[in-house]
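Student: my questions concern the predicted model and sequence given below.
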Number of protein chains: 2
Amino acid sequence: MSLRHAILGFLSHRPLSGYDLKKAFDGSVAHFWAADQAQIYRTLAGLSEERLVEVERVAQEVRPDRKLHHLTASGRAELVAWLQAPTVAPARREPLLVKLFFVSEVAPEHLGVLLRTELAAAERELATLNAVATGTAPAFAAAPPTQALGPALTLWAGLAATRAWRDWLVAALGTLEGDAPMAAVLAALAAGA
Amino acid sequence: MSLRHAILGFLSHRPLSGYDLKKAFDGSVAHFWAADQAQIYRTLAGLSEERLVEVERVAQEVRPDRKLHHLTASGRAELVAWLQAPTVAPARREPLLVKLFFVSEVAPEHLGVLLRTELAAAERELATLNAVATGTAPAFAAAPPTQALGPALTLWAGLAATRAWRDWLVAALGTLEGDAPMAAVLAALAAGA
DNA sequence: GGTCACTATAGGACACATCCTATATCTGTC
DNA sequence: GACAGATATAGGATGTGTCCTATAGTGACC
C-alpha cells in the first residue's frame, strides 16, 4: 500500500518519469522500501487512471518518449491524508528468527554459523548506511531544517535499528562461547527495561 | 518462502492438523512470522502434493475429520536443507520510515504525533513480549538446553529489536523538544559505533 | 565489429499473502 | 432458547510484489 504513497511523495517535489522514480527510490528509501521497476510502472498507470497524477508526454528524438507524471490536487490530498492516517505496520517477516526457532533440528554448531553469517551481513549493511550518513550530512545541514529533518530522522532510524541488530548478534554469539549459554540468555531476557 | 519451512519445522516435532498449526503459529512465532489460516491450508495441500508431508485422515464422530500431517523423510531433508542454506532476508518494509521521509508535506507538529503514536505501539509490543518472556522462562530453564536455546534466542532477538526501536523513538522525540533538532539528529548520526 | 551498459517503456506469468465467505457440529453462557 | 465461540475444513477474489522478457536507439569499451 505504501508504494502508491511513496510515489506520490516523490512527485510532490517535482514531476518524474517511471525511470526517474526508480532512481529516486534506489537513491533514498530503498533500504526500507525497495521498489520493483515493473511495479512502479504499473502503479503509475493506476494512479493516472485514478486522476491522482497527470501524464505529460515529452517527445524525445533519440529515445522513447518520457512520460512525466505531475501530481494533481487530489493526488496531493491523498498523500496528505495518508501521512496523517495512523500507520498500519505490516506483519514482520524475519526468516532468520524462524530458523533460530527450529535450529535444534540440525547440529548445534550450526547455530553459530547462522549467527556469524548474519553478523557479516549486518556489518555490511551498517557500513553502507554509515557511508550514506557521512555523505548526506552536509546536505542535511545546509537544507532548511523543515525539509531535511524527515529524511535525516529516517536515516537515523535505519542506523539505530541496524546497530541494535548487530549488537544483539554479537551478544548472542558471546553467550554461545560461555559455559552456560542458556543461563546467559535467560539473564538477558529478564533484564527488560 | 519461509511459511513452508516453518510448517515443516512444527511438523518435525509431531503430526498436526491445519487447525493445530494455526494455533502453534499464534502461540510462538506469530510475532515475526504470522500465518494466515487460509494460507496454512493451501501450503499444506502443496506440501502434500510434493510428498513432503503425508496426510493421515483421522475420523471424528462429532466434528469434521482431522487431517493429521506427518513429516516424510524428504520433508525432513527439505527442512534441514533450508536450515543450513544461507538466509535470504526479504526486503524491509517500513511504512513509518516512508512517512517520515515525506513528512515535510504536512504541518511540522505532525511529526511528533507520528512518533508518539508509534511509541505507544512499541510500548504495547514490548509489554507483550516481556509477558511472554516471564511466562516461558521457567519452561526454557527446565527443558534440555539444546531444545530450548533456539526459541529463547528468538525471543531475545525480538525483545532486543523492539527495545531498540522504542529507545530510538524516545530519543527522536527528545531531539524534537530541544532548540536545535537538526543539530541533535546530525550528532546522533555521526555517533556511529 | 561485437558486446555491454544506459535510457525508457511495459506486458505476462507467477508467487505469496490477505480478506471474506461458507460449511458443520458441539459446548458454554446469558 | 438464543447466540457466541471453539473445532475443523477450504474456496474465491483480490492485492502486492517479483521475475523474466521485449523493444529500441545511443555511447563506450575492448
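Tutor: In hand now; what should we look at? The structure presented is a predicted model; accordingly, all values stated were derived computationally and were not measured. Residues are numbered from 1 along each chain as shown, chains lettered A, B, ... in the order given.

Student: give me the phi and psi for the residue most central in space within chain A.
Tutor: Residue closest to the average C-alpha location in chain A (C-alpha atoms, centre = their mean): residue A:32, at 0.6 Å. For residue A:32, the backbone dihedrals (degrees, to the nearest 10) come out as phi -130, psi 0.

Student: which non-adjacent residue is nearest it?
Tutor: By the measure of C-beta to C-beta, 6 or more residues apart in numbering or on different chains, the closest residue to residue A:32 outside its immediate chain neighbours is residue B:94, 4.1 Å from it. Heads up, the C-betas are built off the backbone N, CA and C, glycines and all.

Student: pull the number of nearby residues for that neighbour.
Tutor: Residue B:94 sits with 21 neighbouring residues when counted by other C-beta atoms under 10 Å in any protein chain shown.

Student: wait, what's in contact with it?
Tutor: Contacts for residue B:94 were tallied using C-beta atoms under 8 Å, 6 or more residues apart in numbering or on different chains; they are A:32, A:33, A:157.

Student: among the helices and strands of chain A, which has the poorest mean pLDDT?
Tutor: Lowest on mean pLDDT, DSSP states H and E among the helices and strands of chain A sits strand A:53-58, with a mean of 86.

Student: buried ones in it?
Tutor: By 16 or more other C-beta atoms under 10 Å in any protein chain shown, the buried positions in strand A:53-58 come out as residue A:53.

Student: so where's chain A uncertain?
Tutor: With pLDDT under 70 as the threshold, chain A has low-confidence stretches at A:59-64, A:192-193.

Student: which stretches of it form helices?
Tutor: Using DSSP state H, the helices of chain A run over residues A:2-13, A:18-26, A:37-49, A:73-84, A:95-101, A:109-142, A:145-177, A:181-190.

Student: what would these look like in CSV with mean neighbour count and distance to residue B:113?
Tutor: What follows is these, written out as CSV (neighbours: other C-beta atoms under 10 Å in any protein chain shown; distance: least, C-beta to C-beta, whole Å):
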stretch, mean neighbour count, distance to residue B:113
helix A:2-13, 21, 17
helix A:18-26, 17, 26
helix A:37-49, 16, 26
helix A:73-84, 17, 8
helix A:95-101, 23, 31
helix A:109-142, 15, 22
helix A:145-177, 20, 14
helix A:181-190, 18, 33
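
Student: and those helices: which comes nearest residue B:85?
Tutor: With C-beta to C-beta as the measure, helix A:95-101 is the member of these nearest residue B:85 (9.3 Å).

Student: just confirm yes or no for the closest one near chain B.
Tutor: Yes - using C-beta under 8 Å from any C-beta of the partner chain, helix A:95-101 comes into contact with chain B via A:95, A:96, A:97, A:98, A:99, A:100, A:101.

Student: turn those into CSV, including distance to residue B:47.
Tutor: CSV is the format used below for the residues of helix A:95-101 next to chain B (distance: C-beta to C-beta, whole Å):
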residue, distance to residue B:47
A:95, 18
A:96, 22
A:97, 21
A:98, 16
A:99, 18
A:100, 22
A:101, 18
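
Student: go through those residues and name the one nearest DNA strand D.
Tutor: Proximity of the residues of helix A:95-101 next to chain B to DNA strand D was ranked by C-beta to the nearest atom of the strand; the top entry is residue A:95 with 13.9 Å.

Student: hmm, residue B:90 and that closest one touching each other?
Tutor: Yes - with contact taken as C-beta atoms under 8 Å, residue A:95 and residue B:90 are classed as touching, separated by 7.0 Å.

Student: touching DNA strand D at all, stretch A:95-110?
Tutor: No - shown here: stretch A:95-110 not in contact with DNA strand D (C-beta under 7 Å from any atom of the strand), separated by at least 13.9 Å.

Student: is that stretch positioned near DNA strand C?
Tutor: No - legend: contact between stretch A:95-110 and DNA strand C by C-beta under 7 Å from any atom of the strand is lacking; minimum distance shown is 9.3 Å.

Student: gap between the two ends of that stretch?
Tutor: Between the opening and closing residues of stretch A:95-110 lies a distance of 16 Å (C-alpha to C-alpha, to the nearest Å).

Student: so what touches stretch A:7-15?
Tutor: The set of residues that contact stretch A:7-15 without belonging to it, under C-beta under 8 Å, 6+ apart, is A:16, A:21, A:24-25, A:40, A:43-44, A:47, A:52-53, A:56, A:68-71, A:75-76, A:78-79, A:82, B:98, B:101-102, B:105.

Student: restricting to C-alpha, output that stretch in CSV.
Tutor: As requested, the backbone C-alpha atoms of stretch A:7-15 are provided in CSV (Å, rounded to 0.1, in the frame of the first residue of the first chain):
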residue,chain,number,x,y,z
ILE,A,7,5.4,7.6,-5.4
LEU,A,8,3.0,10.5,-4.6
GLY,A,9,5.6,11.7,-2.1
PHE,A,10,8.4,11.9,-4.7
LEU,A,11,6.1,13.5,-7.3
SER,A,12,5.2,16.2,-4.7
HIS,A,13,8.7,17.6,-5.2
ARG,A,14,8.7,17.6,-9.0
PRO,A,15,7.2,15.7,-11.9
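
Student: perfect, that will be all.
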